[in-house]
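Novice: the following block contains a protein sequence and its predicted model.
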Amino acid sequence: MKVKSPQGLADSDVHCRLVVVLHGPNLNLLGERPAEHYGSLTLAELNALITEEAERLGWQCLCFQTNHEGVYIDWIHEFRRAGAMIVNPGAWTHYSYAIHDALELVACPVAEVHLSDIETREEWRRRSVITPVVDLVISGKGPWGYVEALRRVVAMAEGNATPG
Ligand code: DQA
């Protein structure tokens, strides 16, 4: 397995035990966002929690965050042959058909995670346009939702679980 910078992956590379976590807009300000929805962990603390669990499972974990949709799509393309992927596209979840189309090209198991429970918030948050192209959705479980998602995509990639 070769892992280089986000821009340095060859299309032909297969990244068996690499899980990539892609955080979308405003998630860089976790810790400052409304705690009743997003809790109090910073993004660095959240990434440490996810990475620790990945390493415990014998996987490498790379976490990225951007506020730019095109950059997010480029990362989905670049890591489409990773072993597993976890995405929280933030508000893009609710309207980005471009992210939907990019995720459609991803070969590995993909989990959609939301810290808050999008089903019980404003009307416009209740719809996810990416759910149809992911393998599982976890919403409203805070940081532990990422840990659960990680365990489940890893199990799927290792052939020990079914989608759900
Ligand atoms: C979010 C929910 C989205 O509606 C919101 O725009 C976010 C974060 C979540 O993790 O709960 O930025 O994806």
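Specialist: Cool, got the structure. Numbering: from 1, shown residues only.
Novice: the helix or strand containing W144 near the ligand at all?
Specialist: Under the criterion of DSSP states H and E, W144 resides in helix 143-157. No. Helix 143-157 lies apart from the ligand when judged by CB under 6 Å from any ligand atom; the minimum separation is 8.4 Å. C-beta coordinates here come from the backbone N, C-alpha and C atoms, glycine included.
Novice: chain center to that helix, what's the gap?
Specialist: Here helix 143-157 shows a centroid-to-chain-centroid distance of 10 Å under the convention CA atoms, centre = their mean, to the nearest Å.
Novice: contacts only, for E69.
Specialist: Residues near E69 by CB atoms under 8 Å, 6 or more residues apart in numbering: 25, 92, 96, 98-99.
Novice: ok, now V154?
Specialist: 19, 54, 57, 59, 83-84 are the contacts of V154 under CB under 8 Å, 6+ apart.
Novice: neighbours of the nearest residue to it once chain neighbours are set aside, how many?
Specialist: Nearest residue to V154, sequence neighbours excluded (CB to CB, 6 or more residues apart in numbering): L57, at 5.3 Å. Using other CB atoms under 10 Å, the number of residues around L57 comes to 15.
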